[in-house]
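J.: I would like to see how this sequence folds:
(one chain, ligands or ions: 7)
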Amino acid sequence: MQLTTLIAALSAAGITTALPSVAPRAEDAQDVNPFLGKNYFANSYYAGELNQTVDAFLARNDSLNAARTRTVQKTGSFVWVTSVAGLSNIKTTIDEARAEQRRTRKPQIVQLVLYDLPDRDCSGGQSGGEFTSANGGLELYKKTFVDPYAAALKAAWDLTFAVIVEPDSLGNLITNQNVPFCANASSTYEQGIAYVIAKLQAPNIAFTSSRPTKPHFNHQLAADEFAKVVAMAQNMTGTRGGAKIRGFSTDVSNYNPYIADPRANYTEYSNSYDELHYADSLAPYLTNNSLPAHFIIDQGRSGLQNTRDTWGDWCNVRAGFGIPPTTNTNSSLVDSIVWAKPGGESDGACGPTINGVLAPNAGLWWESYVEALVVNADPPLAPTYTKRW
Ligand SMILES: *[C@@H]1O[C@H](CO)[C@@H](O)[C@H](O)[C@H]1NC(C)=O
Ligand SMILES: *[C@@H]1O[C@H](CO)[C@@H](O)[C@H](O)[C@H]1NC(C)=O
Ligand SMILES: *[C@@H]1O[C@H](CO)[C@@H](O)[C@H](O)[C@H]1NC(C)=O
Ligand SMILES: *[C@@H]1O[C@H](CO)[C@@H](O)[C@H](O)[C@H]1NC(C)=O
Ligand SMILES: *[C@@H]1O[C@H](CO)[C@@H](O)[C@H](O)[C@H]1NC(C)=O
Ligand SMILES: *[C@@H]1O[C@H](CO)[C@@H](O)[C@H](O)[C@H]1NC(C)=O
Ligand SMILES: *[C@@H]1O[C@H](CO)[C@@H](O)[C@H](O)[C@H]1NC(C)=O
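T.: Residues are numbered from 1 along each chain as shown. Ligands and ions are numbered 1, 2, ... in the order given. Here you go, the predicted model:
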């Protein structure tokens, strides 16, 4: 996924919703951390991609890193649903998560990304989507993508969902008005995302939205934009208080550490030099706009630091798997550390080469890259050894 080069520590400008499962209670789920007491469901699609990584390490007799890769296979990460055709992945994921819930008797939280806005990736072009605003894309997005997406989640009342909505999009609006295609996409993005927020409301939805980071980023502009979109959603539901979000997702598909030690020199002028400081800096602006100051923070590829030349480097940066998903965040602002970007899926045909080989196109598997993520993981991945015949 493309992040604009203008945005240093950009996260998603999305919304994370959680549709909790248990019967609706008087207290709304957005008032509690939806990750607490849940198992981060590990989907089979990503685990399947990683089978070749296990095999590659084993072929080199590297049983330690093969075993570490098995740990990644069991670590809950997000399923990216990025097209109408991809909606079928929701059903597969729900079926598997239900089976896991029955098997383990432990409530599962299913983590999904919703990513198919018209004029998607307006600044970058690495991750353009199937809809364009020039072609009636907004209506198609609503009817053929968002509606069935919301219906599938609402029907699975026995599971909890955390959804990151349209990562990057609002961030692009805020920081890339100088890009004509982004400026023109503003209204489409706002209407599309407001529609998603309105549609994904359920009796016990908890919402989270995300924040862009930039060395000199204007938090007020971000908070104002988020507040505007939530208010639009409010209007769409026609109910006062009828559109709620849980909070914001940050560092999605990016590489910033939760807590920097040492602080990277290229962040010199920013109070948001790591994700925890970003959350702390943005929180009062959100609160002042009547938005919830709760965060989930992607650390899927933040395990190796200070490998970038500039803060804005976003494409296939040399990295390791980072802090595994946990609610033990030591911050009342941060609901959970998550792994949002599936490590190994390329950001685009850009960034450093490995052994002289350039990355494949966005979303495609890059085996050498994921092997480096395993080896460079910080904290190191605990190995999972399995009995072999
Ligand atoms: C990955 O390997 C595991 C263990 O051998 C197997 O159960 C699973 O079906 C494989 N997944 C895919 C997609 O091949
Ligand atoms: C891996 O170990 C086996 C058994 O010890 C050995 O026969 C084989 O040559 C080794 N392969 C590599 C790539 O080192
Ligand atoms: C700009 O956005 C409008 C919808 O708001 C759309 O009708 C128009 O085709 C877009 N222009 C371009 C160049 O994409
Ligand atoms: C919501 O609706 C009210 C009343 O019609 C209107 O004044 C307000 O501008 C709308 N807000 C947004 C963000 O569309
Ligand atoms: C930051 O710059 C100082 C002075 O050039 C250097 O000594 C230090 O190693 C740099 N720190 C990092 C994390 O790169
Ligand atoms: C939030 O509002 C309070 C009270 O109006 C004000 O003192 C404070 O400076 C505001 N904070 C931010 C970050 O805007
Ligand atoms: C929270 O603090 C504990 C105790 O110091 C530490 O073990 C843990 O790693 C911290 N969590 C994170 C996400 O940094």
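J.: and the residue of the chain found nearest ligand 5, how many residues sit next to it?
T.: Closest residue of the chain to ligand 5, CB to the nearest ligand atom: residue 265 (3.8 Å). (Glycine included, C-beta is placed from N, CA and C.) By other CB atoms under 10 Å, the residues close to residue 265 number 9.
J.: I'd like the distance between it and ligand 4.
T.: In this view, residue 265 and ligand 4 are 41 Å apart by CB to the nearest ligand atom, to the nearest Å.
J.: now residue 60
T.: Relative to ligand 4, residue 60 is positioned 57 Å away (CB to the nearest ligand atom).
J.: List the contacts of that residue.
T.: By CB atoms under 8 Å, 6 or more residues apart in numbering, no residues touch residue 60.
J.: One more pass at 10 Å, please.
T.: Residues counted as contacts of residue 60 (CB atoms under 10 Å, 6 or more residues apart in numbering) are 66, 371.
J.: Contact residues of the chain facing ligand 7?
T.: Within reach of ligand 7 by CB under 6 Å from any ligand atom, the chain has these residues: 258, 323, 326, 328-330, 337.
J.: would you turn these into CSV with neighbour count?
T.: Shown next, in CSV, are those (neighbours: other CB atoms under 10 Å):
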residue, neighbour count
258, 23
323, 21
326, 14
328, 8
329, 20
330, 9
337, 24
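J.: backbone phi and psi for residue 250, please?
T.: For residue 250, the backbone dihedrals (degrees, to the nearest 10) come out as phi -130, psi 160.
J.: my bad, residue 339
T.: phi -110, psi 100.
J.: gap between it and residue 42?
T.: Computed as CB to CB, to the nearest Å, the residue 339 to residue 42 distance reads 10 Å.
J.: Repeat that for residue 247.
T.: Residue 247 sits 23 Å away from residue 42, taking CB to CB as the criterion.
J.: who has more neighbours, residue 339 and residue 42?
T.: Legend: neighbour count by other CB under 10 Å for residue 339 and residue 42, higher for residue 339 (25 against 20).
J.: Not counting its neighbours along the chain, what's nearest that one?
T.: residue 300 (3.7 Å; CB to CB, 6 or more residues apart in numbering).
J.: cool, residue 343 as well?
T.: Nearest residue to residue 343, sequence neighbours excluded (CB to CB, 6+ apart): residue 373, at 4.6 Å.
J.: now that neighbour, what's its secondary structure?
T.: When classified by DSSP: H, G, I helix; E, B strand; the rest coil, residue 373 comes out as helix.
J.: Local confidence estimate at it?
T.: pLDDT for residue 373: 98.
J.: got it, and residue 125?
T.: 64.
J.: can you tell me the residue of this structure closest to ligand 3?
T.: In the chain, no residue comes nearer to ligand 3 than residue 134, which is 3.3 Å away by CB to the nearest ligand atom.
J.: Spell out the secondary structure type for that residue.
T.: Applying three-state DSSP: residue 134 is helix.
J.: Could you check how far it is from residue 118?
T.: 9 Å.
J.: next one: residue 54
T.: Distance from residue 54 to residue 118, counting by CB to CB: 39 Å.
J.: Next, show the common contact partners of residue 339 and residue 42.
T.: Common neighbours of residue 339 and residue 42, counting by CB under 10 Å, 6+ apart, are 72, 75-77, 111, 325.
J.: for the chain, what spans make up the helices?
T.: 44-49, 51-59, 63-73, 88-104, 137-140, 147-155, 169-175, 180-199, 219-237, 275-288, 367-375 (DSSP state H).
J.: is it true that residue 332 touches residue 293?
T.: Yes - using CB atoms under 10 Å, residue 332 is in contact with residue 293, at 9.1 Å.
J.: which one of the two has more residues nearby?
T.: Neighbour comparison, residue 332 and residue 293: the larger count goes to residue 293, with 20 against 10 (by other CB under 10 Å).
J.: confidence score at the nearest residue to the more buried one once chain neighbours are set aside?
T.: Leaving aside its sequence neighbours, residue 293 sits nearest to residue 283 (CB to CB, 6+ apart; 3.8 Å). Listed pLDDT for residue 283 reads 94.
J.: ok, residue 283 - how many residues close by?
T.: 23.
J.: now swap in residue 135 and tell me
T.: Residues within reach of residue 135, counting by other CB under 10 Å, total 11.
J.: gap between it and residue 129?
T.: With CB to CB as the criterion, residue 135 and residue 129 are 12 Å apart.
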